[in-house]
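Q: just need the structure, nothing else, for what follows:
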Amino acid sequence: MVIIAGAIVDISHHQGTINWSKFSKAVDMVIIRTQDGSSVEDTMHTYNEQQAIKYKVPFGVYAFNRASSTAAARIEAKNFYQRANKNTKFYVIDVETFSSSESIGGSGESMRSVINAYVAQLRALTKKKIGLYIANHLYDDLHLDVTKFDFVWIPRYGVTPPSHPYDMWQYTETGTVEGISGKVDLNRLAGKKTLAWYIGDDPKEEGTENIKKGELTITQYEELKKRIEELEKALGKKDSKVSEVHKEGWAWAKKEGIMDGQNPKKFVTREMLSSVLFKKFNKKK
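A: Purely as a prediction, here's the structure:
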C-alpha cells in the first residue's frame, strides 16, 4: 500500500532559482542533487541547501553515479560527502547507467562491486542513512546489493508502482509545486518507513548538533529494539526448568491458580503482578 506523505520533491539546477518562500510551504521534504559524478558539481545545491535550512525544510542529498571503477567510486563518495551540506538527513546514490562498462571506457568491474565500494566509502564518512535510487527497468540487470542501503528509491511514472521492492516511489517527472515555475519530480513513501523515519535526527556528525542528551534517534531506537529482540530470543532458548530453591513456591503458585506454569524464567510483567495481587486480596473466603 502506497502512503502519500505530502509533497516530497527532488530538485537540481534544472529547476532554476526556486522561490523558497512559497516552495517551503508546499513541501514536507526535499532531496537536493549535489553532483553528477565527481566532475560536475550541481550549480544550485549550495543555494538550495541554504534555503532549506533558512525555511526549516528537512532535506536529503543525492549524487548521480558516474564511477567507472571501484577506485573511482571511492573518490566520488568522498566528493559527494565533502560537497553536501552536513545538515542533510540522508545521502542517496543515484544509479541509472552501467558506468563501469568497458564499452564506454570503464574498468569492466561489475556495477555491484562499484556501488558496494561507493556505499562502503560513504559509510566510512557518515553515520547517516544512505539510500539507493535505482532505475526500475535496469534493476535486475544492474544486480546491485540493495541490502547495503537503508532505503530504496525507484522511479516509475504513472499509476503503476515499481515492480521491485521499494521504500520511496518517484511517480511523476511532470509534477507542479508552488515556488517552481516548471515541472518537477514528485515522490511517495511506502511500507513502514514514514516521513518521520527519513527526517528524524541522526547521530552527531562533524560540525553538527543533532541530538539532545538523553534522547534516542530513530536509528538508535531500531538498533536497541533489535538487540532486545535478540536477547529475548536467546533467553527463550535456555533451559526453562525452575531451580530447586524456587520449586516449592512455583508449585504452590500453580496450585493456587496464581501462575499458569508458563515461562518460569521470564521476567514478571505488570500483568502477572496485578494477577497475583488480585487473587491474593480478592479471594473469596
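Q: please tell me how far Ile8 sits from Ala190.
A: As defined by Cβ to Cβ, to the nearest Å, Ile8 lies at a distance of 12 Å from Ala190. Heads up, the C-betas are built off the backbone N, CA and C, glycines and all.
Q: how about the strands in the stretch 51-200 of the chain?
A: Counting by DSSP state E, counting those that start in this stretch, one finds strands in the stretch 51-200 of the chain at the ranges 59-64, 90-95, 129-134, 151-155, 168-175, 184-190.
Q: any chance of those in TSV, plus mean pLDDT, mean neighbour count and distance to Glu232?
A: Output for those, formatted as TSV (pLDDT from 0 to 100; neighbours: other Cβ atoms under 10 Å; distance: least, Cβ to Cβ, whole Å):
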stretch	mean pLDDT	mean neighbour count	distance to Glu232
strand 59-64	98	26	34
strand 90-95	98	24	30
strand 129-134	98	23	26
strand 151-155	97	23	27
strand 168-175	95	18	32
strand 184-190	94	21	29
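Q: can I get these in a markdown table with distance to Thr70?
A: Output for the strands of the stretch 51-200 of the chain, formatted as a markdown table (distance: least, Cβ to Cβ, whole Å):
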| stretch | distance to Thr70 |
| --- | --- |
| strand 59-64 | 16 |
| strand 90-95 | 14 |
| strand 129-134 | 17 |
| strand 151-155 | 21 |
| strand 168-175 | 27 |
| strand 184-190 | 29 |
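Q: hey, what's in contact with both of Ile8 and Ala190?
A: Residues touching both Ile8 and Ala190 (Cβ atoms under 8 Å, 6 or more residues apart in numbering) are Met168.
Q: Arg227 is nearest to which of the strands of the stretch 51-200 of the chain?
A: Arg227 lies closest to strand 129-134 among these, at 19.0 Å (Cβ to Cβ).
Q: who touches Glu41 in this structure?
A: 34-35, 83 are the contacts of Glu41 under Cβ under 8 Å, 6+ apart.
Q: hey, what's it bridged with?
A: Residues in a beta bridge with Glu41, per DSSP bridges, are Gln35.
Q: measure the closest residue to Phe98 other than its chain neighbours to Ser69 for me?
A: Excluding the flanking residues, the one nearest Phe98 by Cβ to Cβ, 6 or more residues apart in numbering is Met111, at 6.0 Å. Distance from Met111 to Ser69, counting by Cβ to Cβ: 11 Å.
Q: overlap in contacts of those two?
A: Residues touching both Met111 and Ser69 by Cβ under 8 Å, 6+ apart: Ser100.
Q: who's more crowded, these two?
A: For Met111 versus Ser69, neighbours defined as other Cβ atoms under 10 Å are more numerous around Met111 (22 against 17).
Q: hang on, the more buried one packs against Ile93?
A: No. Assessed by Cβ atoms under 8 Å, Met111 is found out of contact with Ile93, at 11.3 Å.
Q: find residues that contact each of those two.
A: With Cβ under 8 Å, 6+ apart as the test, Met111 and Ile93 reach no residue in common.
Q: hmm, who's touching stretch 50-61?
A: By Cβ under 8 Å, 6+ apart, the surrounding residues in contact with stretch 50-61 are 18, 20-21, 23-24, 27-34, 45, 48-49, 80, 84-85, 87-92, 131, 198-199.
Q: then stretch 151-164?
A: Residues from elsewhere that reach stretch 151-164, judged by Cβ under 8 Å, 6+ apart: 2, 90, 92, 129, 131-136, 139, 146, 165-173, 185, 187, 190, 193, 198.
Q: what's the spacing between the residue most central in space within the chain and Tyr47?
A: Central residue of the chain (Cα atoms, centre = their mean): Asp150, 4.2 Å from the mean position. Distance of Asp150 to Tyr47, given as Cβ to Cβ: 27 Å.
Q: and for Asn19?
A: 12 Å.
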